[in-house]
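Peer 1: predicted structure and sequence below. I'll ask about it afterward.
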Amino acid sequence: MKPIAIGADDAAVEFKAEIVKHLESKGIPVHDYGVFSGDPMLYPDIALEVAQAVAEGKHERGILMCGTGIGVCITANKVPGIRAAVCHDLYSAERSRMSNDCQIMTLGARVVAPELAKSLVDVWLRSEFQAGRSGPKVERIKEIEKSLAIK
């Protein structure tokens, strides 16, 4: 198994540390892209780094965190080939994988309690893309992405 890429801005640095510890306690390898302190950090920079690493195949999946999970999600979705989703409940975490084949989950440190976040991560990692009725939808997303790519 390739390591899970993980990253957070300064608003979620302590939250990220709890998630890293949780993953490592389960024997899941992690590549932590930072940040490692509470010093101000622009979340788009860390989200871009993690999303590019996933898009390049260095990691199969990634987890990004900021205050709400929204900013890192928006940024990650700018990287071609990436599908990221904000996960704030068990259903959205599961469906982001099973229906949307998202490679990146995002979490909000100011929105989701750490214990819930651990459960969300566990559900997300256990879930796999099921295609079925969602397969053509994900393929259409990929077609739209290609059609809008800057040439």
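Peer 2: All right, it came through fine. Residues are numbered from 1 along each chain as shown.
Peer 1: now the helix or strand of the chain with the lowest mean pLDDT: buried residues?
Peer 2: Within the chain, no helix or strand scores below helix 135-148, which has a mean of 86 by mean pLDDT, DSSP states H and E. For helix 135-148, burial by neighbour count (16 or more other C-beta atoms under 10 Å) applies to Val138. C-beta here means a position set from N, CA and C on the backbone, and glycine is covered the same way.
Peer 1: what's the distance between that helix and the middle of its chain?
Peer 2: In this view, helix 135-148 has its centroid 20 Å away from the chain centroid, taken as C-alpha atoms, centre = their mean, to the nearest Å.
Peer 1: ditto for stretch 104-120
Peer 2: 11 Å.
Peer 1: next, the distance between the ends of it.
Peer 2: 13 Å (C-alpha to C-alpha, to the nearest Å).
Peer 1: now the chain, which segments are flagged as low pLDDT?
Peer 2: 151 (pLDDT under 70).
Peer 1: which stretches in it count as helices?
Peer 2: If you assign secondary structure with DSSP state H, the helices in the chain sit at 13-25, 43-55, 70-76, 90-98, 114-126, 135-148.
Peer 1: run through who's touching the fourth one.
Peer 2: Right, the one you point to is helix 90-98. 85-87, 102, 105, 119-121, 123-124, 127-130, 134 (C-beta atoms under 8 Å, 6 or more residues apart in numbering).
Peer 1: what's the burial count for Lys2?
Peer 2: 12 (other C-beta atoms under 10 Å).
Peer 1: wait, Leu107
Peer 2: Count around Leu107 with other C-beta under 10 Å applied: 29.
Peer 1: let me see the contact set for it.
Peer 2: Residues near Leu107 by C-beta under 8 Å, 6+ apart: 12, 15, 19, 63-65, 69, 86-88, 117, 120.
Peer 1: Arg140: which of these is nearest?
Peer 2: Ranked by distance to Arg140 (C-beta to C-beta), the contacts of Leu107 are led by Val86 at 21.1 Å.
Peer 1: what's across from the closest one in the sheet?
Peer 2: Going by DSSP bridges, Val86 is paired in beta bridges with Thr106.
Peer 1: I appreciate the help and will end here.
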